[in-house]
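In: give me the fold of what follows.
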Amino acid sequence: MTPADPAPRLALKESLHLERVHHDRCRAALAAMVDGAQEQVVIGEDVSASGADAEVLGYQLRSQAKEMRELPEGPLFFGKLEFDRGDHAGQAYHLGRLRITEHPAAPPLVVDWRAPVSRAFYQASARDPQGVAVRRRFGWAAGSKGDSADLSGLEDEHLGKGESGPSAIVAREIERPRVGPMRDIAATIQPEQDDLVRSDLAVSVCVQGAPGTGKTAVGLHRAAYLLYTHPQRMRRGGLLVLGPNRIFLSYISQVLPALGESGVRQSTLQDEIARRPVTATDARATAVLKHDPRMAEVLRRALYARVSTAQINSREINSLEIRDGSYSWRVGAGELARIVADVREEEPPYGIGRERVRSRVVRSVQLQAERRAGPQNGAWVQRVSRSRVIGAFLDAVWPKVRPEEVVAELLGDRGELEAAADGVLDAEEQKNLLWARPPRSWKSARWSAADLVLLDEAAGLVEHPAGYGHLVVDEAQDLSPMECRAIARRARFGSVTVLGDLAQGTTPWAARSWETVLRHLGKPDAAVVPLTIGFRVPQAVVGLANRLLGHLDVEVPEGRSLRGDGELAIRPTSSDALPDAVVDAVRDSLAHEGSVGVVAADADVARVRQALDAAGIAAAGPDELGARVSVVPASVVKGLEYDHVVAVEPAAIAEAEERGLHRLYVVLTRAVSRLVVVHGRPLPF
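Out: The predicted structure is shown next:
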C-alpha cells in the first residue's frame, strides 16, 4: 500500500515501525520458548517417577524441544485481527504459524492460525464481519528469514465498515515464483479451503480438485489442524500422509514442519505394503487383474480352504485326550467340530480364529477340571493351552500360515487357483495369473509390485494391521480397488482426507468415479467436495486444459482460474527441428524469474537432455527440487509445479500409454506462470 498523500504515508510508516517492534518482541519470546523447552528436558530427567512414567515424560519433553529447535526460519506472523464486537471486542490478535507467548499464563503475542479465534481471518467478510473491525495482512520480502526489516507492507480491510476487496498481498504471495519444495498456504487460505481444513476429525472428506485449486495444501493443512486440535488422539492413533511417489513426498516435505508439526509419517502406499522386495515384472493384463477387487474373494477362499473339519468328520480325530497328572480330560469329536464351525462362521481374522478355537477347546477342558477338582489357576490354563495334543489338533484343522504361502501357492498351483477362483475368474484370467515357473517355495519366489498388493490383502485376512487415527491420501484417483482396500485396513477406526482429480487418473485401474473409490476405502458416506477455482494455474493454461477435458472419460466440472496474467504459447515446428525448438523455448523461459520444467514423454527425455547439454543449458532431474531447469518424464510430473513449463511433443505423451490423454492433461496443468507447447506432430486436442 503506497498512498500518495503525505498523511497516509506517515501513518503507514508509523504502523510498519510498530509492527516491526512487535515482531522483534515475538522473536525474543520465541527464543526464550526454545531455551525453556530445552531446560524442561534437563529438569524432566531429574524428576523422580517410575521407570515407565519417566521414560514417557522424557520422550515427550525431548520431542517438544526438538520440534522447537527445528522450526523453519521465517516471519512469525502474517495477519492481524482487531475486534469491536462479540466475545473478543476490544482485543487484537496477531496470527502466525504457531503460538508465541512470553509466559504460559500471559496473553499470546501471536495466535496459532489453527486456534478458533483465527477462523475469522479466513471467513470474515464485509457482508459478515464476525465481530472483526479490521483485518490486516502483512507483506514480507520474498525469501525472508524472519528479519523484522523484511516487513515491507501491510493492507487493512475495515470489515466493520463494510469495506473489503481483493488483496494485492495475497495475489503476490500466490503468484510468487516457485523454486524448491512446496510452501504452506496458511497466510492465503480461502474460505472454501478453510471449511475443509477445519472439518471434524470424525468426518471423512473427498476433495475433487481441479488443477491449481490447492487440494494438496488443503490436505496437509487439515493434517496440521487435526494435530493441533486433537493432540492426544492423534498421538495415540497416529497420522499418515500417503503420496504417489517419493519425488512428490520430497516436494511436500517442508509444509508440515513449517506449520510447527514435525515427525508426521509421510510415505507411499508401496512403501507401506512392501513385505518383500520387488524383483519381478507382470504383464499389463496380469497386473490389472491382480488389482481387481475380485482378487480379495479369491484370496479369502484360498486362505480359509486350509480350515477343515474333514479329519474330525472322517473319524481320524475321534476326540482329544489331555492328560493332567492323574486326571485325563476328553473333548469329543462332535464338540470339536462344533467349535471349529462356530469360529469359522464368526469370520474373525485367520490368526485370531486359530487362537479362538484353542481357547474354546481349553475352556471345555477347564470346565471338566473344575467340576472334578475345583478352580484352576492361570498357570494351569497356560499349560493346557500349550499342550502338544491341542497344538497338533490346531495344526490339523486350522494350521498356521504366512501370507506369502497363501499367495505363492495360489499363483503357483493350478488346482488351488481353480478351486479358489471358481465362479469368480474365468479360465483365461486364471491362466494369466499363474506363474510360468513356480518357485520351490515362497522363500524363493520373485515378487512383482502387484503381488505386494495381494500379500497385503492376505496379511490383512490373517491379522488386522495397526491402524491410524487419520490418513491423508493424495492423488487418490490413481488407486486400484485392491490398493484402496489396503488403505481401508489402516483407516478402519479412523477418518480419511482423500485428495485427487479424476481427470488426472493415469494408471490402468484409475477411478472413473469417487463413489467407487470411497466404497473400497470403507468410507462410502464421505462427502465429495469439488474445488474448481484455481489460484496458481493461469486462466490461459486452464482454458487449454479444459479443451482436452472433453476427451477424457470422466465427469468433472471444468476448472476456473482467478489469474489472468499467465502466458500460453503453442509453437509448431518440424520433427527434425524439435530439439532446437525446445532449446529456444527454455532460453525464453530463463529470461523470466522462476523455475523451468521441461516435460516430455519418458522415451524422449534422454534426447531432450542431450539437446540442452549441447546448448550449454544445465538441467537437473525432477528430484533436485531447487534446480532452475528440470527435465521431467511425464510419468512422474503429477503433483509437481513449475513457474514455466515447456511441454514437448504432446502427441508422443498421449501415445505412450493407454490413458495418455489423461497424462497429457496432467502435463499441461503443471505451469503456474507460462506454458509453451512445442510440437512437430498434430496436437491431440
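
In: what are the phi and psi values for residue 307?
Out: As for residue 307, its main-chain torsions (degrees, to the nearest 10) stand at phi -80, psi 120.

In: so which elements touch the helix or strand hosting residue 345?
Out: Using DSSP states H and E, residue 345 maps to helix 333-346. Judged by 3 or more C-beta pairs under 8 Å, 6 or more residues apart in numbering; DSSP states H and E, the packing partners of helix 333-346 are helix 310-313, strand 319-324, helix 350-373, helix 388-397. The way it works is simple: take the backbone N, C-alpha and C, and place the C-beta from them, glycine included.

In: go through it and flag the buried ones.
Out: In terms of neighbour count (16 or more other C-beta atoms under 10 Å), helix 333-346 has its buried residues at 333, 335, 336, 337, 339, 340, 343, 344.

In: so which of the helices and strands packed on helix 333-346 is nearest residue 134?
Out: Ranking those by their distance to residue 134 (criterion: C-beta to C-beta) puts helix 350-373 first, at 60.2 Å.

In: state the pLDDT value of residue 68.
Out: Note on residue 68: pLDDT of 65.

In: the spatially closest residue to residue 23 that is not a sequence neighbour - how many residues pack around it?
Out: The shortest distance from residue 23 to any non-neighbouring residue, by C-beta to C-beta, 6 or more residues apart in numbering, is to residue 148 (4.4 Å). By other C-beta atoms under 10 Å, 20 other residues sit near residue 148.

In: go on, the one 10 residues further on?
Out: Using other C-beta under 10 Å, residue 158 is surrounded by 15 other residues.

In: do the same with the one 5 residues further on
Out: Residues lying near residue 163 (other C-beta under 10 Å) number 11.

In: who's in contact with it?
Out: Residue 163 is in contact with 126, 157, counting by C-beta atoms under 8 Å, 6 or more residues apart in numbering.

In: what's it sitting at in phi/psi?
Out: Backbone torsions for residue 163, taken as degrees, to the nearest 10, come to phi -100, psi 120.

In: could you check the pLDDT of it?
Out: Note for residue 163: predicted pLDDT of 90.

In: roughly how far apart are it and residue 118?
Out: 21 Å (C-beta to C-beta, to the nearest Å).

In: I'd say residue 216 and residue 185 touch.
Out: No: taking contacts as C-beta atoms under 8 Å, residue 216 lies outside contact range of residue 185: 9.8 Å.

In: quick one: common contacting residues for these two?
Out: By C-beta under 8 Å, 6+ apart, residue 216 and residue 185 have no common neighbours.

In: you'd agree residue 168 is up against residue 157?
Out: No: counting by C-beta under 8 Å, residue 168 does not reach residue 157; the two are 11.7 Å apart.

In: what about the two, which has more around it?
Out: residue 157 (20 against 13).

In: what residues are up against that one?
Out: Applying C-beta under 8 Å, 6+ apart to residue 157 gives the contacts 126, 134, 135, 136, 137, 163, 164, 165, 167.

In: which residues of the stretch 201-350 of the chain fall in helices?
Out: In the stretch 201-350 of the chain, the segments counted as helices under DSSP state H, counting those that start in this stretch are 215-229, 231-237, 246-252, 255-258, 269-272, 284-290, 294-304, 310-313, 333-346, 350-373.

In: what are the buried residues along the second one?
Out: So the one you mean is helix 231-237. Neighbour counts using 16+ other C-beta under 10 Å place 233, 234, 237 of helix 231-237 among the buried residues.

In: out of these, flag the one nearest to residue 599.
Out: For those, the residue nearest residue 599 by C-beta to C-beta is residue 234; the value is 37.1 Å.

In: pLDDT at that closest one, what is it?
Out: pLDDT for residue 234: 92.

In: now do the helices in the stretch 1-150 of the chain.
Out: Using DSSP H, counting those that start in this stretch, helices in the stretch 1-150 of the chain cover 6-45, 51-69, 119-123.

In: mean pLDDT for those: which is lowest?
Out: Among the helices of the stretch 1-150 of the chain, helix 51-69 carries the lowest mean pLDDT, a mean of 60.

In: ranking the helices of the stretch 201-350 of the chain by mean neighbour count, which comes first?
Out: Mean neighbour counts were taken over these using mean count of other C-beta atoms under 10 Å, and the top value, a mean of 24, falls to helix 215-229.

In: in stretch 541-550, which residues are buried?
Out: Residues of stretch 541-550 classed as buried: 541, 542, 544, 545, 546, 548, 549 (neighbour count, 16+ other C-beta under 10 Å).

In: go on, stretch 566-577?
Out: The neighbour-count check on stretch 566-577 (16+ other C-beta under 10 Å) flags 566, 568, 571, 573 as buried.

In: and that stretch, average pLDDT?
Out: In this model, stretch 566-577 carries a mean pLDDT of 95.

In: tell me how far that stretch lies from the chain's centre.
Out: Computed by C-alpha atoms, centre = their mean, to the nearest Å, the separation of stretch 566-577 from the middle of its chain amounts to 36 Å.
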